[in-house]
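Engineer: Below: sequence and its predicted model.
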Amino acid sequence: MKILIINHEYQSNTEIEKELKHRSFSTNYQIFATFNKNKTDMSSYDLVLLDVPLMSDESYMIIKKIRASDKHIPIIVLSPFYQIRNIEKCFIFGCNDYLKKPVVIDELIFKLNFWLNFKTYQNTQTIRLKNGFSYDPGHHELLKDKIPISLTAKEKLFIEILVKNRGWFVPTPTIIRYLWDNYAAPNQLRVLVYKLRQKAGKELITSMKGIGYKIDPESVKKTIWRAERRKRSAAVFPHKR
């Protein structure tokens, strides 16, 4: 897997670059000026790490330029700043994830693996979910009966991690760590789910206290229906002994 690292200065990212190479990631490096001046073939890369020491319009424009060149490549922003307005603007311009510096390398590796795995199904067809819902991974859209549902950036991330693990419960701590890097109030996830259910209804997301949340694929509903039909048939037409 090849990762493009973009930063203001080459020296500031040396340790991360060494760690990634040590863990068998192939990396290439560009400074902001070089990236803005040249046309980079984004198809040569699997993921972008954008190291932003100071949030500025230039930082947002780089995200926009990457996204204009490649709609699907994952972009992870690394920055010492954690103001909500900065994070929100990064997501609006097209980043997929945000990590606060100093970066914990194990957490970075977790994020890299998640998004690299996520990319493998990004270009697939629409994923059909239960109760008439579907998910378009190419446009990060949740649909109900083929009609898009408007979601916030955090709601999109929540839906994406559940869709990627569809059919399985995703533990609550994993979701909180993924959405907020552990910087979340105790009830923040519950509020997000409550608002999401107001938009999409209660049929999409299954929750289990003390476990987590999940979204089931369409096949789960069909399997249950078939099992119930076989049960009823067995009751009506019992085998003769």
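Structural biologist: Happy to help now that I have it.
Engineer: Low-confidence ranges, the chain, go.
Structural biologist: 1, 10-14, 119-124, 181-182, 220-241 (pLDDT under 70).
Engineer: 50 - rerun?
Structural biologist: Under the criterion of pLDDT under 50, the regions of the chain flagged as low confidence span 220-229, 231-241.
Engineer: Give me the domain ranges for it.
Structural biologist: The chain breaks down into these domains under automatic domain parsing: 2-119, 127-220.
Engineer: quick one, strands of this protein?
Structural biologist: 2-7, 26-31, 47-51, 75-79, 97-100, 127-128, 133-136, 141-144, 147-149, 170-171, 205-208, 212-215 (DSSP state E).
Engineer: Could you give the bridge partners of L78?
Structural biologist: D51, L99 (DSSP bridges).
Engineer: Could you tell me how far the closest residue to L196 other than its chain neighbours is located from K144?
Structural biologist: Setting aside the residues directly before and after it, L196 is nearest to E155 in space (Cβ to Cβ, 6 or more residues apart in numbering), at 5.3 Å. Just so you know, the C-beta spots here come from the backbone N, C-alpha and C atoms, and that holds for glycine as well. Separation of E155 from K144 (Cβ to Cβ, to the nearest Å): 14 Å.
Engineer: burial of I147, as a residue count?
Structural biologist: Residues lying near I147 (other Cβ atoms under 10 Å) number 8.
Engineer: Bridged to it, which residues?
Structural biologist: K144.
Engineer: That one and I215, how far apart?
Structural biologist: Counting by Cβ to Cβ - I147 and I215 are separated by 18 Å.
Engineer: tell me the contacts of the residue nearest to L196?
Structural biologist: E155 is in contact with L192, K195, L196, K199, counting by Cβ atoms under 8 Å, 6 or more residues apart in numbering.
Engineer: A33 and K89: what is the separation?
Structural biologist: Counting by Cβ to Cβ, the gap from A33 to K89 is 22 Å.
Engineer: Also F118?
Structural biologist: Distance from F118 to K89, by Cβ to Cβ: 22 Å.
Engineer: do K37 as well
Structural biologist: For K37, the distance to K89 - Cβ to Cβ - is 24 Å.
Engineer: and the two? which has more neighbours close in?
Structural biologist: K89 (16 against 9).
Engineer: how about the spatially closest residue to Q83 that is not a sequence neighbour, phi and psi?
Structural biologist: Nearest non-adjacent residue to Q83, counting by Cβ to Cβ, 6+ apart: M55, 7.8 Å away. Phi and psi for M55, reported as degrees, to the nearest 10, are phi -70, psi 130.
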